[in-house]
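Trainee: Would you be able to build a 3D model of this:
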Amino acid sequence: MNKSSSTLVLSILASAIIGQFAHASSHREAPNITRFPTLDSTDFYAFNSYEEGRGDYLTMIANYIPLQDAYGGPNYFAMDPAAVYSIHIDNDGDAVEDMTFQLRFQSMLANNNSGIALTVGPEGNQRTVGVPLKNIGGVSAADQSAANFSESYSLTLVNGPQSSGTATVLQNATSAMDSFQKPLDFIGNKTFTDAAGYQAYADSFVYSFALPGCDAMGKVFVGQRKDPFVVNLGNTFDLVNYVPVEGDSAPGAGDGGGFPGGITQSATNDDLIDKNVTSIAIEIPKVCATGMGNGTIGAWTTASLPQARILNPDASFASTEVNGGALTQVSRLGNPLVNELVIGLADKDKFSSSQPKDDTQFADFVTHPTLPELLNILFKDAVNTTLGANIETLAPTNFPRTDLVTAFLTGFEGVNQLSTVTPSEMLRLNTEIAATPGAMQSPFGVAGDDLAGFPNGRRPGDDVVDIALRVVMGRLCYPIPVGGVETDLGLCTPDDASVGNVSFTDGAPVDSSMMMNTFPYLATPKSGSE
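Mentor: Okay, the predicted model is just below:
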């Protein structure tokens, strides 16, 4: 095949693959979770803290409530008071949580839950009437008296399995109480003056807490943030209205020296550029998370509801329903894109409600993935006819796909594999690999010669869409740079993946410069009004 023929093949292939991959990271990823947006986990991060002076800590961030329009008033985006939001840590490799941080939320109105009321009408015909808004004036860290709505939450540590372990309610070190506060969403600049004013307000909701048996304190923040995930969504669903291969000699070079007509990196390609999310961010000392293991942890987030919900036919703010029964998991997220692009449609809700220890039931989706085969069925004949070629298959041919098993289910030996290897889907982080400072991070993580990035944990600036595109089509069958040296991982060979070294991209760039370099790392949310 000549060079121009190969180029055309890659163009057609890339268009097909992007069309399948360009869902938001885990936004609305399963049929049932679309009915519970407040419990929909959009992204999960676990990484060694790279804030200066915090090298002995690790940070976990669980984002919920997808695709938030900043102007989404008047009620904005509160958490579900009936739900339990959890972040789990397995530190010995048995795929069962050894530590779980549970958060339970409570919503309140001002004036002891009666709300702010105004006196309306002339003398002799006055009524005291509750206001319909969540605030009636400016709000700041120093003065929150105009806020008509607030959310608080408890933070509980469960040591051992979540269902049977020992639970300890953690105290807010600032107030010495069992309660933490969540800031209002970024209603707009008239309420909070400007982005700096909102950030100063939100910063006052970063709290410290003591961990049992741990000398150093942890940190927690829950509140609205700019959605850190990026994706070229609209053009993708318009019949892939771009050529999704890097068009420059290097991302951002602006020289047109890459794939002819290929898409180049631009923030205008990010359809989530104006979206917010609600973040649960927890930072704890590494030594308190690793237990007796080898320093690598597995982590994931879940959200659960009681089994039964009976609606109140005469609802009020404080009494909309009665919930009861055992907690039932309805949302789960570890690695990005797994439930969207690996798990079959009929099993997506099962995956959402399952636990890592039971993930062998999903093994076929990883060892024999359907996506590459679907692309081959859909496009091989057309490509061969167009080029007069005789390409046997467009999909990787190594079965079982040990490269995907390693990436998703076991971790890489010597990088992020736990002391006991139990095939299971969770985000694995080697806490002993020092964090890379924000300015030096590669958005391609391990494949970009940065061992502190995805899939060794996941940082907010890691470009998981481009990484996932390349891995599923066989990037790990080719040598990757480790310490500046091209290294064969021994998982498969280039003969197994004819397009495994192509620079697939959706043209929507993300890197650490788009985030903060201090806890909670994610950027100030977009304002609902300028």
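Trainee: From here on, just use CA atoms for contacts and neighbour counts.
Mentor: OK.
Trainee: and Ser309, how many neighbours does it have?
Mentor: Ser isn't right for residue 309; it's Arg. The local packing of Arg309 (other C-alpha atoms under 10 Å) involves 14 other residues.
Trainee: how near is the closest residue to it other than its chain neighbours to Leu311?
Mentor: Nearest non-adjacent residue to Arg309, counting by C-alpha to C-alpha, 6 or more residues apart in numbering: Asn323, 4.5 Å away. Asn323 sits 9 Å away from Leu311, going by C-alpha to C-alpha, to the nearest Å.
Trainee: Tell me which of the two has more neighbours.
Mentor: Neighbours around Asn323 and Leu311, counted as other C-alpha under 10 Å, are more numerous at Asn323. The numbers are 15 against 12.
Trainee: Now do the same for the more buried one: helix, strand or coil?
Mentor: Counting by DSSP: H, G, I helix; E, B strand; the rest coil, the backbone at Asn323 sits in strand.
Trainee: close enough to count as contact, it and Ile310?
Mentor: Yes: at 6.4 Å, Asn323 counts as touching Ile310 under the criterion of C-alpha atoms under 8 Å.
Trainee: ok now do Gln106, which residues does it touch?
Mentor: 81, 151-153 (C-alpha atoms under 8 Å, 6 or more residues apart in numbering).
Trainee: and those as JSON lines, adding pLDDT?
Mentor: Putting the contacts of Gln106 into JSON lines (pLDDT from 0 to 100) gives the following:
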{"residue": "Pro81", "pLDDT": "97"}
{"residue": "Glu151", "pLDDT": "98"}
{"residue": "Ser152", "pLDDT": "98"}
{"residue": "Tyr153", "pLDDT": "98"}
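Trainee: ok, how many other residues are close to Val322?
Mentor: Val322, neighbours per other C-alpha under 10 Å, totals 12.
Trainee: what pLDDT does it get?
Mentor: Note for Val322: predicted pLDDT of 96.
Trainee: right, and it touches Arg309 too?
Mentor: Yes: if you go by C-alpha under 8 Å, Val322 and Arg309 touch, sitting 5.8 Å apart.
Trainee: Would you map the strands across the stretch 1-150 of the chain?
Mentor: Here the stretch 1-150 of the chain has its strands, by DSSP state E, counting those that start in this stretch, at 41-48, 57-69, 84-90, 99-109, 117-120, 127-130, 149-159.
Trainee: Direction included, what does the longest one pair against?
Mentor: Applying DSSP bridges to the sheet, strand 57-69 is found paired with strand 41-48 (antiparallel), strand 275-285 (antiparallel).
Trainee: quick revisit: for the residue nearest to Arg309, which residues are in contact?
Mentor: So Asn323 contacts 82, 306-310 (C-alpha under 8 Å, 6+ apart).
Trainee: what's the neighbour count on Thr370?
Mentor: 17.
Trainee: got it, and Gly137?
Mentor: Gly137, neighbours per other C-alpha under 10 Å, totals 13.
Trainee: Counting neighbours, what do you get for Asn75?
Mentor: For Asn75, using other C-alpha under 10 Å, the count is 12.
Trainee: what's the distance between it and Phe186?
Mentor: For Asn75, the distance to Phe186 - C-alpha to C-alpha - is 12 Å.
Trainee: do Phe362 as well
Mentor: 40 Å.
Trainee: Looking at the two, which is more packed in?
Mentor: Counted by other C-alpha under 10 Å, Phe362 and Phe186 do not tie: Phe186 has more neighbours, with 27 against 17.
Trainee: What residues does the more buried one make contact with?
Mentor: 70, 192, 198, 224, 525-528.
Trainee: before we move on, the earlier item: give me whichever of the strands of the stretch 1-150 of the chain is most buried.
Mentor: strand 41-48 (a mean of 28; mean count of other C-alpha atoms under 10 Å).
Trainee: pLDDT averaged over stretch 369-380, what's the number?
Mentor: Per-residue scores along stretch 369-380 average to 70.
Trainee: no, scratch that, I was asking about stretch 40-58
Mentor: 97.
Trainee: can you check stretch 414-434 too?
Mentor: Computed over stretch 414-434, the average pLDDT equals 95.
Trainee: repeat for stretch 287-295
Mentor: Mean predicted lDDT for stretch 287-295 stands at 94.
Trainee: still on that earlier bit, take the contacts of Phe186 and write them to TSV, including pLDDT.
Mentor: Listed next are the contacts of Phe186 as TSV, based on pLDDT from 0 to 100:
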residue	pLDDT
Ala70	96
Phe192	97
Tyr198	98
Gln224	98
Pro525	98
Lys526	98
Ser527	97
Gly528	97
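Trainee: So which of these sit within strands?
Mentor: Gln224 (DSSP state E).
Trainee: Which of the contacts of Phe186 sits closest to Arg104?
Mentor: Gln224 (16.6 Å; C-alpha to C-alpha).
Trainee: Which residue, neighbours along the chain excluded, lies closest to the closest one?
Mentor: Thr278 (4.3 Å).
Trainee: Quick one: the strands of the stretch 1-150 of the chain as TSV, columns for distance to Thr397 too.
Mentor: Compiled in TSV, the strands of the stretch 1-150 of the chain are given as follows (distance: least, C-alpha to C-alpha, whole Å):
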stretch	distance to Thr397
strand 41-48	30
strand 57-69	35
strand 84-90	33
strand 99-109	39
strand 117-120	68
strand 127-130	66
strand 149-159	43
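Trainee: tell me which residues in stretch 432-443 are buried?
Mentor: 433, 435-436, 438, 441-443 (16 or more other C-alpha atoms under 10 Å).
Trainee: ugh, typo on my part, it should be stretch 304-317
Mentor: Buried residues in stretch 304-317 (16+ other C-alpha under 10 Å): 304-306.
Trainee: Closest one to Val330 out of those residues, please.
Mentor: Distances from Val330 to these, taken by C-alpha to C-alpha, are shortest for Ser304, at 5.5 Å.
Trainee: Roughly how far does that closest one sit from Arg35?
Mentor: Going from Ser304 to Arg35 by C-alpha to C-alpha gives 13 Å.
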